[in-house]
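In: What follows is a predicted protein model with its sequence.
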Amino acid sequence: MPYLKGALIEYGSGLVGPIPNIVIFQFNPETVTRTIQIPNRRLTTGSGGASLEAHQGGEPPVETVSVVAKFSAADKLNDNNILARAVGIGPQLAALEKMVFPGGKISGLIGAALDAIGDAVFGGSSKKKGPEKPIPRQKYPRILFIWGLTRVLPVTIESMTITEEQYDSLLNPIQAEVNIGLAITPVSNCSDDEIGKGAYQYSSMAKEVLAMSNLVNTAGQIMDLIPF
């Protein structure tokens, strides 16, 4: 059976086209901490329409995930890998950092070109109508967190702490530990993110199947729980 590795994959908005960025964990994190934040569901009193029954659903729970990924250039340095000799584990760390920031230099150049075209069309800012407002053109990356066969989840990176632990003679990092905080983000049906929607639906269905299969484990114990 193949040894699976976890990964973070940045992807575009369509189902076709190249994957812009991918980081496969060199060493699978030893632990994955999952926190499910449950909104306050206490019974509210009062006669207003905002009153909720104790069992009535409100805001959905929010799940966050924390992993610690470790990277080392030791093996590649022993194999005299040219890239590792030149920059250590810089490429892996740069790929992770790229998933945190919106767009890139190319996106910025395109935005500047659009501004120049707008100035030419409108004859400069003096002829523009209404208050000036920046037009957001850069979007944060869309990311999948892959952890095994049943968890392929759309996420946003909420925090990232990079601890560089060792360096080579050129001060390139050759060993590092990265603490990554993720938030699972259900994708709206109105979104154009078909990949994210499909991944979330697939993982939700897998969880439902796992929960139902638990009945097989408990079927023989149910009668022992009933006192009559």
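Out: Sure, I can see it.

In: what packs against the longest helix that the chain contains?
Out: Secondary structure assigned by DSSP state H gives helix 194-225 as the longest helix of the chain. On a contact count with 3 or more Cβ pairs under 8 Å, 6 or more residues apart in numbering; DSSP states H and E, helix 194-225 meets strand 142-146, strand 152-167. Glycine gets a C-beta too; all of them are placed from N, C-alpha and C.

In: and whichever helix or strand comes after the last one, what's its mean pLDDT?
Out: This means strand 152-167. Counting by DSSP states H and E, the next helix or strand C-terminal to strand 152-167 is strand 173-184. Across strand 173-184, the average pLDDT comes to 97.

In: do the same with stretch 144-162
Out: Averaging pLDDT along stretch 144-162 yields 96.

In: Next, the distance between the ends of that stretch.
Out: For stretch 144-162, the separation between the terminal residues is 20 Å (Cα to Cα, to the nearest Å).

In: which outside residues touch that stretch?
Out: Outside stretch 144-162, the residues within contact range by Cβ atoms under 8 Å, 6 or more residues apart in numbering are 4, 6-9, 11, 32, 64-65, 93, 96-97, 99-100, 140, 142-143, 176-187, 193, 195-196, 199-200, 202-203, 206-207, 210.

In: how about the helices and strands packed on helix 194-225, which one is nearest N214?
Out: Taking Cβ to Cβ, strand 152-167 is the member of the helices and strands packed on helix 194-225 nearest to N214, at 20.7 Å.

In: list the buried ones in that closest one?
Out: V152, L153, P154, V155, T156, I157, M160, E164 (16 or more other Cβ atoms under 10 Å).

In: Am I right that V68 is in a strand?
Out: Yes. Counting by DSSP: H, G, I helix; E, B strand; the rest coil, V68 is found in a strand.

In: Around it, how many other residues sit close by?
Out: 17 (other Cβ atoms under 10 Å).

In: quick one: contacts for it?
Out: V68 makes contact with P29, E30, T31, E177, V178, N179, I180 under the criterion Cβ under 8 Å, 6+ apart.

In: Now list the buried members of these.
Out: Buried subset of the contacts of V68 (neighbour count, 16+ other Cβ under 10 Å): P29, V178, I180.

In: export those residues to a markdown table and tack on distance to N40?
Out: Converted to a markdown table, those look like this (distance: Cβ to Cβ, whole Å):
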| residue | distance to N40 |
| --- | --- |
| P29 | 31 |
| V178 | 33 |
| I180 | 28 |
